[in-house]
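Participant: I'll drop the sequence and a predicted model, then ask my questions.
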Amino acid sequence: MHFHILYFDGAYVLDNANRYDSPLIFHDLPTPTRAETTEIAGRIADRVEVVLRKLGRSLDPDVADSEPTEVQLESRALAGCYDEIPFH
């Protein structure tokens, strides 16, 4: 499994906050620190785990679910594709 991410290394701000038709000005943001990057990666991993558990999957091999998921019950072909994912 992998994810595609699009991110900006700055922020767009209205040139005149009182006028929504004013031009946007791009302001560079500083490079994130190693601690900030680690914190963000941890939050993303936690959120991915929540999504996986809702789908009956987990990154934790000790949490393997023996009950079939909704996808496995409704579509055997699609379930076969999901079964190739190396998560439990």
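Facilitator: Received the coordinates, thanks. Numbering: from 1, shown residues only.
Participant: low-scoring stretches of the protein, by residue?
Facilitator: 1-2, 61, 63-69, 71-72, 78-88 (pLDDT under 70).
Participant: show me where it has helices.
Facilitator: 34-54, 70-74, 76-82 (DSSP state H).
Participant: got those as CSV, with mean neighbour count columns?
Facilitator: (C-beta placed from N, C-alpha, C; glycine too.) Listed next are those as CSV, based on neighbours: other C-beta atoms under 10 Å:
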stretch, mean neighbour count
helix 34-54, 11
helix 70-74, 12
helix 76-82, 11
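Participant: Quick check: His27 vs Asp9, distance?
Facilitator: Noted for His27: a distance of 10 Å to Asp9, by C-beta to C-beta, to the nearest Å.
Participant: swap in Lys54?
Facilitator: Taking C-beta to C-beta, one finds Lys54 at 32 Å from Asp9.
Participant: Same question for Gly56.
Facilitator: Distance from Gly56 to Asp9, by C-beta to C-beta: 37 Å.
Participant: Please compare these two by neighbour count and tell me which comes out ahead.
Facilitator: Under the criterion of other C-beta atoms under 10 Å, the comparison of Gly56 against Asp9 puts Gly56 first, with 17 against 10.
Participant: Dihedrals phi and psi, the more buried one?
Facilitator: phi 80, psi 20 (degrees, to the nearest 10).
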